[in-house]
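Novice: Here's a sequence, model it:
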Amino acid sequence: MGNNTGEITIVSETHNGKYQVEAKVGSGAAFLIDEPVAAGGLGSGPNPYNLLSAAVGACTTMTIRLYADRKGWPLTDVRTAVRHSRAGLQAKDVFELDIALEGALDDSQRARLMEIAEHCPVHLTLARGSEVRAALMPAAMPPIQPQDGSGHMACMVEACAD
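Specialist: The predicted model follows:
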C-alpha cells in the first residue's frame, strides 16, 4: 500500500525572531517551530529534532492504539517517551523509545503490541533511511497548498495487518 501521491507541509518564515517558522498542514492546522532562547530563537515552539521525536512517538502510540482496538484488547493508555541522540553530524541518529502500556493485558498481548510498535510507519521511515531532495523554485511561483495527512493512516492500517 503506502502513499505515492506525497503529503505536502508548507514551512515559511514568520519574520518574528531569528529562526521562528510556521508549518501548515492540509487539515488547516498550523504550528510554530523555533529554537530555544539559548540558541538565539524565541523558544516559541519545538525545534526540528523535537518534531522528529514527536513524530516517531506519536506514530508508535497511534499504531499501538489502532492494533489494540482492532483486537478488542483492554489497553487503557499508551505513552511513549522518545530520546534522540547523535554523536556528531556525520554519526547515525539514535531514537530510543520507552513505551508504557496500561490495562489488563497478558504477557503475549504486551509482547505483540511491542512488535507492532516496531512496525509503525514513521519508525520504519527512520529505520530504513530516506532520500531527501531539494529543488529551487521560482520566487514568483504561486503558493503550493498543503495536503492532508491521510497517507499516514493508510500506512498504520497496513502496519497492523495480521
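Novice: Walking through the chain, point out its helices one by one.
Specialist: Counting by DSSP state H, the chain has helices at residues 48-71, 107-117, 121-128, 150-159.
Novice: For P138, find the nearest of those.
Specialist: Each of the helices of the chain has some distance to P138 by C-beta to C-beta; the shortest is helix 48-71, at 25.6 Å. For glycine as for every other residue, the C-beta is placed from the backbone atoms N, C-alpha and C.
Novice: sorry, back to before: distance to A135 and mean neighbour count added to the helices of the chain, as JSON lines?
Specialist: Converted to JSON lines, the helices of the chain look like this (distance: least, C-beta to C-beta, whole Å; neighbours: other C-beta atoms under 10 Å):
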{"stretch": "helix 48-71", "distance to A135": "20", "mean neighbour count": "18"}
{"stretch": "helix 107-117", "distance to A135": "35", "mean neighbour count": "15"}
{"stretch": "helix 121-128", "distance to A135": "21", "mean neighbour count": "16"}
{"stretch": "helix 150-159", "distance to A135": "21", "mean neighbour count": "16"}
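Novice: gap between E102 and I8?
Specialist: To I8, E102 is 36 Å away according to C-beta to C-beta, to the nearest Å.
Novice: The two - which one has more neighbours?
Specialist: Taking neighbours as other C-beta atoms under 10 Å, E102 and I8 compare with I8 leading, 14 against 11.
Novice: thinking again about what came up before, which one of the helices of the chain lies closest to E96?
Specialist: That would be helix 48-71 among those, by C-beta to C-beta, at 9.9 Å.
Novice: Run through the neighbouring helices and strands of the closest one.
Specialist: strand 75-85, strand 94-103, helix 107-117, helix 121-128, helix 150-159 (3 or more C-beta pairs under 8 Å, 6 or more residues apart in numbering; DSSP states H and E).
Novice: CA-only coordinates of it in CSV, if you can.
Specialist: Taking Å, rounded to 0.1, in the frame of the first residue of the first chain, the C-alpha atoms of helix 48-71 are listed here in CSV:
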residue,chain,number,x,y,z
PRO,A,48,13.1,20.3,14.3
TYR,A,49,14.6,17.3,16.3
ASN,A,50,11.8,17.7,18.9
LEU,A,51,9.4,17.2,15.9
LEU,A,52,11.2,14.1,14.7
SER,A,53,11.0,12.6,18.2
ALA,A,54,7.3,13.6,18.5
ALA,A,55,6.6,12.1,15.1
VAL,A,56,8.0,8.7,16.0
GLY,A,57,6.4,8.8,19.4
ALA,A,58,3.0,9.8,18.1
CYS,A,59,3.0,7.3,15.3
THR,A,60,4.1,4.5,17.7
THR,A,61,1.4,5.4,20.2
MET,A,62,-1.3,5.7,17.5
THR,A,63,-0.3,2.4,15.8
ILE,A,64,-0.4,0.5,19.1
ARG,A,65,-3.8,2.0,19.8
LEU,A,66,-5.1,1.1,16.4
TYR,A,67,-4.0,-2.5,16.8
ALA,A,68,-5.3,-3.0,20.3
ASP,A,69,-8.7,-1.5,19.4
ARG,A,70,-8.9,-3.8,16.3
LYS,A,71,-8.2,-6.8,18.5
